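*Asks:* Next input, structure requested:
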Amino acid sequence: MAGSSPGDIVGEVLRSALAEVLSTPWLAGLLAVITLGKLVQLGPAMVHGGHGRDPRRTFSRAEKAEFLERAGHRCEHHSWLLGRCRGTEALQADHVHPHSRGGATDVLNGQALCRRHNKQKSDRPPWRWELNRLARRRESYFPPGTPTAVLRYGPPVPDPVEV
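*Replies:* As a prediction, this is how the structure comes out:
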């Protein structure tokens, strides 16, 4: 390998290691499972990413009171088997589409969740079908005339201008 550049040597080592992994069926399967797992984790970030954060992080007291009122002072979490959560204690104002993932700090992106379901939800962006399901379910308990759809993103956040 006289006269080879370090990049050529590294490339050759990587090619031979990949050939070895692919020639061993269980290693190839493991590599495929790991790759698929990483793609599934990246999916929502790729679909919902790219939006700047809303400069305002927390909801006002008036907005929190509005969430509680429109939710009937009850947690808005729904499970497939048990339906709507019956929790009414220690309700928290939550971003349906997380603030950390570009969600707007707006009443239309807010919901009332009990402490347990807010923690369980974490910062995972919801899929469109989940938002549609939430909007349909909200029709049964929101006051008439109240919008049930979720506003994911607010107006574009301008980039700070450097002086």
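*Asks:* longest helix anywhere in the chain?
*Replies:* helix 25-48 (DSSP state H).
*Asks:* and whatever helix or strand comes next after it, which residues are buried?
*Replies:* Sequence order places helix 61-70 as the next helix or strand after helix 25-48, per DSSP states H and E. For helix 61-70, the neighbour count (16 or more other Cβ atoms under 10 Å) marks Lys64, Glu66, Phe67, Leu68, Arg70 as buried. C-beta coordinates here come from the backbone N, C-alpha and C atoms, glycine included.
*Asks:* Contacts for the longest helix of the chain, please.
*Replies:* Residues outside helix 25-48 that contact it (Cβ atoms under 8 Å, 6 or more residues apart in numbering): Glu20, Val21, Leu22, His97, Arg101, Gly102, Arg124, Pro125, Trp127, Arg152.
*Asks:* Need the phi and psi values for the third one.
*Replies:* Looking back up the chat, that one is Leu22. In terms of degrees, to the nearest 10, the main-chain angles of Leu22 are phi -70, psi -20.
*Asks:* can you list the domains in this structure?
*Replies:* 6-48, 61-138 (automatic domain parsing).
*Asks:* Report the separation between the residue nearest the centre of the chain and Asp8.
*Replies:* Nearest to the geometric centre of the chain sits Pro125, at 1.6 Å (Cα atoms, centre = their mean). According to Cβ to Cβ, to the nearest Å, Pro125 and Asp8 sit 42 Å apart.
*Asks:* Also Ala71?
*Replies:* 63 Å.
*Asks:* and if you look at Lys119?
*Replies:* According to Cβ to Cβ, Lys119 and Asp8 sit 51 Å apart.
*Asks:* lowest-confidence helix or strand of this structure?
*Replies:* helix 25-48 (a mean of 75; mean pLDDT, DSSP states H and E).
*Asks:* I'd assumed Glu66 was in contact with Pro143.
*Replies:* No. Using Cβ atoms under 8 Å, Pro143 is not in contact with Glu66, being 10.5 Å away.
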